[in-house]
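In: Sequence and computational prediction follow.
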2 protein chains.
Amino acid sequence: MIKSIDSLITHVKNNEKKTIAVAAAEDYDVVTIVNECRKMNLADFILVGDKEKITEIANQNDIDLDSEIIDIKDHDLAAQKVVDLKRQNNAQVIMKGLLHTGTFLKAVLNKETGLNKGRLISQISIYDRIDGKGLQLLTDCVISIQPTLEQKKQIIENAVECARKLGIEKPKVAVLSALEIVNPDIPDTLDAAILSKMADRGQIKNCIVDGPFALDNALSIEAARHKNIKSEVAGDADILLVPNLVVGNVLTKALVFYAKMKVASAVMGVDAPVVMTSRTDTIENKILSIALALYLAN
Amino acid sequence: MIKSIDSLITHVKNNEKKTIAVAAAEDYDVVTIVNECRKMNLADFILVGDKEKITEIANQNDIDLDSEIIDIKDHDLAAQKVVDLKRQNNAQVIMKGLLHTGTFLKAVLNKETGLNKGRLISQISIYDRIDGKGLQLLTDCVISIQPTLEQKKQIIENAVECARKLGIEKPKVAVLSALEIVNPDIPDTLDAAILSKMADRGQIKNCIVDGPFALDNALSIEAARHKNIKSEVAGDADILLVPNLVVGNVLTKALVFYAKMKVASAVMGVDAPVVMTSRTDTIENKILSIALALYLAN
């Protein structure tokens, strides 16, 4: 079981070294992060992209890349190449470089040549719980704008799969809204009630789901007691499901910018660990996301 | 100008002492907080409610209340009484005790006997900016479930009024969404664009409005530069407008529970400062909300 976000790095270093294939690596941020990971001996890399530009960026910044470079300038072809490298097991993790997310995912999700499981893909932010009891997973902060009930079920399933890989055998899932009671004027609270019952009936497996919760009663048992909430999940949530993209996006950014927390990001629902960091992530958080993907590749 | 959330307390202590009328004060939390404020010499109190219960709670906890108690057990009448006390200037601030928010607000918003300005009421969370440059206002985290465009305009106007009272002459308003570009599939981003233009045309006064922003580019100039955003508001927001209740509620609770920040809460749009703390607020944050209301009473 992974007890803290920092211990991901140690865990990855203690396991067999893996290879990450990067699509469109001709980018200062990518070259820098590859260099950092190489210095930490975290992984090997295959850089797919504009070889001349990659080499130029490395030379200008006195970086000895020491990685294989495959010269493919076209972004569609570069994305397809990293998918192929994974399918042939020349790489265990794939990573998006300086190309559009849509171009990258088109190759990943291609039904014949891609890596899709036919499931919804979703993003998860992972960080230390405030009570020190291991990790917390927050989902989805990046992909689904306004998930339907069925999509929320799949987002939970993806998060449960991730939590179990991190050693949380039966994760507790809190479905978040603005308040902890069912309010017909707030559709999120209805979805929360329905998802709870679906888990009760075994329609969502390997987890305990409860909601609606306001954030405070999902995180704090005292706050839950103040509201007379009796729930196994209250104050003890391993997974937080947000009602939509804007809530997830604002919350994950609040963790980084207000709470200064270390946050790794995972993409689930794909038949390979995928790294898709944002340009505005801190270097530390980018490295944690890479370490998380390497961990999930085991 | 109020430079930090802590300086509210000093400012209030240095000014003429005011009186707070509390509706339904027969509650342990209320009696405790009144006692704390009395010890700090922050304000005088008139406690409206079940006199026997109030006295019993005080005695059981060795508290010398030293405040006027008006014996009214009925919640509707207690709420009306605190409103009357404010209208007669026997109190300058009113505070909700152990009664339903709806009951309390019915008396406050009564068109003939209440304190409403005929404007939308809205809530604002106030805390220190992460760059140390004074205060930031976050609105609305409590009242409007899904504000319309017109209501968002009024929520901005209420926040601008509050910001100006706190000494921010021409506040910069960031309209938040999940991303910084206009996306027809995300209606919040359309509202953000429209509100920006309304401010440009002078339809929202005394402020600069820009949006849509993701939270990171509203807070950090580096994050804004990464996205090539040119805006006076980027990285320098005084006011954050959230698209709806769940975003505001989750964000303000994240500030308290993850970032451990001190957060005061104000209610605007009423012709008197109103204190409506939540049962799950920390004592420190309750006192800050009271200090803020006392400050706004000047």
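Out: Cool, the structure landed.
In: For residue A:124, list each beta-bridge partner.
Out: Going by DSSP bridges, residue A:124 is paired in beta bridges with residue A:139, residue A:266.
In: so where do the helices sit in the stretch 101-250 of chain A?
Out: A:101-109, A:149-165, A:187-200, A:215-219, A:221-226, A:245-257 (DSSP state H, counting those that start in this stretch).
In: count of residues packed around residue A:106?
Out: A count of neighbours around residue A:106, defined by other CB atoms under 10 Å in any protein chain shown, yields 15. Quick note: C-beta positions are derived from backbone N, CA and C, even for glycine.
In: same deal with the one 4 residues further on?
Out: With neighbours defined by other CB under 10 Å, the count for residue A:110 comes to 14.
In: before we move on, what about residue A:48?
Out: Around residue A:48 there are 31 residues (other CB under 10 Å).
In: what does residue A:32 give?
Out: Every residue meeting other CB under 10 Å relative to residue A:32 is counted, giving 16.
In: could you list every residue that touches it?
Out: Residues in contact with residue A:32, defined by CB atoms under 8 Å, 6 or more residues apart in numbering or on different chains, are A:61, A:63, A:283.
In: Redo those as CSV? Include secondary structure, distance to residue B:247 and neighbour count.
Out: Output for the contacts of residue A:32, formatted as CSV (DSSP: H, G, I helix; E, B strand; the rest coil; distance: CB to CB, whole Å; neighbours: other CB atoms under 10 Å in any protein chain shown):
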residue, secondary structure, distance to residue B:247, neighbour count
A:61, coil, 39, 11
A:63, coil, 40, 18
A:283, helix, 28, 12
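In: Looking at these, which is nearest chain B?
Out: residue A:283 (12.4 Å; CB to the nearest CB).
In: Make sure that closest one is actually in contact with residue A:36.
Out: Yes: shown here, residue A:283 and residue A:36 form a contact pair, counting by CB atoms under 8 Å, at 6.6 Å.
In: The closest residue to chain B within the stretch 51-200 of chain A: how many residues sit nearby?
Out: Of the residues in the stretch 51-200 of chain A, the one nearest chain B is residue A:178, at a distance of 4.1 Å by CB to the nearest CB. Residues lying near residue A:178 (other CB under 10 Å) number 25.
In: if I pick it, what's in contact with it?
Out: Here residue A:178 is in contact with A:186, A:188, A:214, B:145, B:245-246, B:248-250 (CB under 8 Å, 6+ apart).
In: Now that we have those residues, which of them are buried?
Out: With burial judged by 16 or more other CB atoms under 10 Å in any protein chain shown, the buried subset of the contacts of residue A:178 is A:186, A:188, A:214, B:245-246, B:248-250.
In: Just give the nearest non-adjacent residue to residue A:256, would you?
Out: Nearest non-adjacent residue to residue A:256, counting by CB to CB, 6 or more residues apart in numbering or on different chains: residue A:263, 5.6 Å away.
In: ok, which residues in the stretch 101-250 of chain A are in contact with chain B?
Out: A:130, A:145, A:176-179, A:185-186, A:188, A:214-217, A:219-220, A:222-223, A:226-227, A:242-243, A:245-250 (CB under 8 Å from any CB of the partner chain).
In: residue ranges of the strands in chain A, please?
Out: For chain A, the strands defined by DSSP state E occupy A:19-23, A:44-49, A:68-71, A:93-96, A:122-128, A:135-139, A:172-176, A:208-213, A:239-241, A:264-268, A:274-275.
In: Return the most buried member of those strands.
Out: Here the criterion is mean neighbour count by mean count of other CB atoms under 10 Å in any protein chain shown, and of the strands of chain A the winner is strand A:239-241, at a mean of 28.
In: Against which helices or strands is that one packed?
Out: Contact analysis of strand A:239-241 by 3 or more CB pairs under 8 Å, 6 or more residues apart in numbering or on different chains; DSSP states H and E lists strand A:135-139, helix A:149-165, strand A:172-176 as its packing neighbours.
In: Spatially central residue for chain A, please.
Out: Central residue of chain A (CA atoms, centre = their mean): residue A:266, 1.6 Å from the mean position.
In: confidence score at that one?
Out: pLDDT recorded at residue A:266 is 95.
In: Surely it and residue A:293 touch.
Out: Yes: taking CB under 8 Å as the definition, residue A:266 is a contact partner of residue A:293 at 6.8 Å.
In: Name the residues contacting each of these two.
Out: Common contacts of residue A:266 and residue A:293, defined by CB under 8 Å, 6+ apart, comprise residue A:273.
In: Now do the same contact list for residue A:171.
Out: So residue A:171 contacts A:137, A:159-160, A:163-164, A:206-208, A:238-239 (CB under 8 Å, 6+ apart).
In: Switch the residues you listed over to TSV; also include pLDDT.
Out: Formatted as TSV, those follow (pLDDT from 0 to 100):
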residue	pLDDT
A:137	98
A:159	98
A:160	98
A:163	98
A:164	98
A:206	98
A:207	98
A:208	98
A:238	98
A:239	98
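In: Going through those, which ones are buried?
Out: Neighbour counting with 16+ other CB under 10 Å marks A:137, A:159-160, A:163, A:207-208, A:238-239 as buried within those.
In: Could you measure from residue A:95 over to residue A:264?
Out: Between residue A:95 and residue A:264 the computed distance is 14 Å (CB to CB, to the nearest Å).
In: now the residue nearest to residue A:211 when sequence neighbours are not counted: how far from residue A:212?
Out: Distance criterion CB to CB, 6+ apart; nearest residue to residue A:211, sequence neighbours excluded, is residue A:175 at 2.7 Å. Using CB to CB, we find residue A:175 at a distance of 6 Å from residue A:212.
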